[in-house]
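Enquirer: what's the 3D shape of this:
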Amino acid sequence: MKRAAIIVLDSVGIGELPDAAKYGDEGSNTLVNIKKNYPAFNVPNMAALGLGNIQGEDIDLLGKTDAPKGCYGKMFEASNGKDTTTGHWEIAGIVTENPFPTFTETGFPKEVMDKFEAAIGRKTLGNCAASGTTIINELGDEHVKTGYPIVYTSADSVFQIACHEEVIPVDELYRICEIAREILVGDYAVARVIARPFVGKGNGNYTRTERRKDFSLAPTSTTVLDLIKEKGMTVAAIGKIEDIFEHRGMTVTDHTTNNNDGIEKTIEYLKKDFEGLLFTNLVDTDMIYGHRNDVKGYAEAVMYFDSKLPEIMSVMKDDDILFVTADHGCDPTTPSTDHSREYVPLLVCGKNVKEGVDLGVRKTFADLGATVAEYLGIDERFGAESFLKDILK
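Expert: All right, here's what the predicted structure looks like:
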């Protein structure tokens, strides 16, 4: 019963990519900069697997060891972008050559907004690039008064819709997002439409709730998830994986509420008997801390995962392989509150996985998908290079 488990620590980057300047991300190094700005940051269990041994400037600050207990390396994003969708799709085998459109300069075109407003029967507020926590406090009172949804975007390819849960119920917000998803096609095909429900009593005192939901584009080609499912094996998706892949290629889904819930569900599913893939996204590092430049909160979220890593490993079966990685960066120490164009770490462990293997710098995240495919007996390699032979005893 062969099983692979991929845990994506959302936005936990490990150093700027060579083309970071093109994206305005020079100097970004999420994990290392957190360590430099928050000395209490300590991840001994990931360090024991080899996190601090990964190639790169100052990465040894994360805890270099003479005898790593896992395999370690970092991966280059071959896709053009730094988005959740491009990152996860590439892990699963899709390299996105044409970046998804963004609308940071002028907001979404009038023809799009006119069509959207006509379809939902309401005017809208905002239509600009903004921090989500800021814009709901700037426009929240007007939204409550008028019932007009707040629309905003960011440096990522997103159309975000924020509504107070007592003004527009969450189910209605989801329906509005589905309408937007149908409209945003062709030149306006953003990667994700995101529902951003919030609560609060006014006067700028609004907070977002955990009932966010993403409405993504469908994957543009076959993924390793599709192929595993077609082979009759299990694909268990934990967290927002189901949204990122538009519910495709999965047999079991569990849309968790936060990182702690996602970690517990990961442990729970690893205890079950199945053959195939467990794919988990832990989003809090990105959504709650990275985009708010909360260095302490980000550090503590990563440290909490690290504290739970031994428990995750303890429930793995003899033939399980665990991959810990990320989808992009979101350095909370920089002025930017957006994603950063970074390498992502790659840690691999399991009872039949070698110790102390430096996997170097992988040319694409898709090497991970190719490795999972080979391990589960699938022929497809997605134009990437499997490193299975390097890691198995």
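
Enquirer: surely residue 298 touches residue 285?
Expert: Yes. Look at residue 298 against residue 285 with Cβ atoms under 8 Å: they come within range, at 5.7 Å. Every C-beta, even on glycine, is put in place using the N, C-alpha and C of the backbone.

Enquirer: which strand in the chain runs the most residues?
Expert: Longest strand of the chain, by residue count under DSSP state E: strand 192-200.

Enquirer: tell me the buried residues in that strand?
Expert: 192, 193, 194, 195, 196, 197, 198, 200 (16 or more other Cβ atoms under 10 Å).

Enquirer: per-residue pLDDT of residue 287, please?
Expert: Per-residue pLDDT puts residue 287 at 89.

Enquirer: please enumerate the helices of the stretch 151-300 of the chain.
Expert: Per DSSP state H, counting those that start in this stretch, the stretch 151-300 of the chain carries helices over the ranges 170-183, 224-230, 241-244, 259-270, 284, 295-314.

Enquirer: closest to residue 364 out of the ones you listed?
Expert: Checking the helices of the stretch 151-300 of the chain against residue 364 by Cβ to Cβ gives helix 224-230 as the closest, at 13.2 Å.

Enquirer: what packs against that closest one?
Expert: Here helix 224-230 touches strand 234-238, strand 276-282, helix 366-375, going by 3 or more Cβ pairs under 8 Å, 6 or more residues apart in numbering; DSSP states H and E.

Enquirer: could I get the buried residue list for it?
Expert: In terms of neighbour count (16+ other Cβ under 10 Å), helix 224-230 has its buried residues at 224, 225, 226, 227, 228, 229.

Enquirer: please state the offset of that helix from the chain centre?
Expert: Taking Cα atoms, centre = their mean, to the nearest Å, one finds the center of helix 224-230 at 20 Å from the center of the full chain.

Enquirer: equivalent analysis for stretch 316-328, please.
Expert: 15 Å.

Enquirer: what about that stretch, average pLDDT?
Expert: So the average pLDDT for stretch 316-328 ends up being 98.

Enquirer: next one: stretch 34-41
Expert: The model assigns stretch 34-41 a mean pLDDT of 98.

Enquirer: buried stuff in that stretch?
Expert: Within stretch 34-41, the residues scored as buried using 16+ other Cβ under 10 Å are 34, 35, 38, 41.

Enquirer: pipe those residues into a markdown table and attach distance to residue 374 and secondary structure per row.
Expert: Below are the buried residues of stretch 34-41 laid out as a markdown table (distance: Cβ to Cβ, whole Å; DSSP: H, G, I helix; E, B strand; the rest coil):
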| residue | distance to residue 374 | secondary structure |
| --- | --- | --- |
| 34 | 34 | helix |
| 35 | 34 | helix |
| 38 | 39 | coil |
| 41 | 35 | coil |
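
Enquirer: between the helices and strands packed on helix 224-230, which one is nearest to residue 391?
Expert: Using Cβ to Cβ, the nearest of the helices and strands packed on helix 224-230 to residue 391 is helix 366-375, at 7.6 Å.

Enquirer: next one: phi and psi at the residue lying closest to residue 351 once chain neighbours are set aside?
Expert: Excluding its sequence neighbours, the residue lying closest to residue 351 (Cβ to Cβ, 6 or more residues apart in numbering) is residue 318, at 5.1 Å. Backbone torsions of residue 318, given as degrees, to the nearest 10, read phi -60, psi -40.

Enquirer: residue 318 is in contact with residue 352, isn't it?
Expert: Yes. Between residue 318 and residue 352 there is a contact at 6.8 Å, judged by Cβ under 8 Å.

Enquirer: the two: who's more crowded?
Expert: In this view residue 318 and residue 352 are compared by other Cβ atoms under 10 Å, and residue 352 has more residues nearby, 11 against 8.

Enquirer: mind checking pLDDT for the more buried one?
Expert: At residue 352, pLDDT is 97.

Enquirer: residues contacting it?
Expert: Contact analysis of residue 352 by Cβ atoms under 8 Å, 6 or more residues apart in numbering lists 318, 319, 321, 392, 393.

Enquirer: distance of it from residue 388?
Expert: Look at residue 352 and residue 388: by Cβ to Cβ, to the nearest Å, they are 11 Å apart.

Enquirer: same question for residue 174.
Expert: Residue 174 sits 40 Å away from residue 388, going by Cβ to Cβ.

Enquirer: same question for residue 44.
Expert: For residue 44, the distance to residue 388 equals 28 Å [Cβ to Cβ].

Enquirer: residue 175 now?
Expert: On the measure of Cβ to Cβ, residue 175 and residue 388 end up 44 Å apart.
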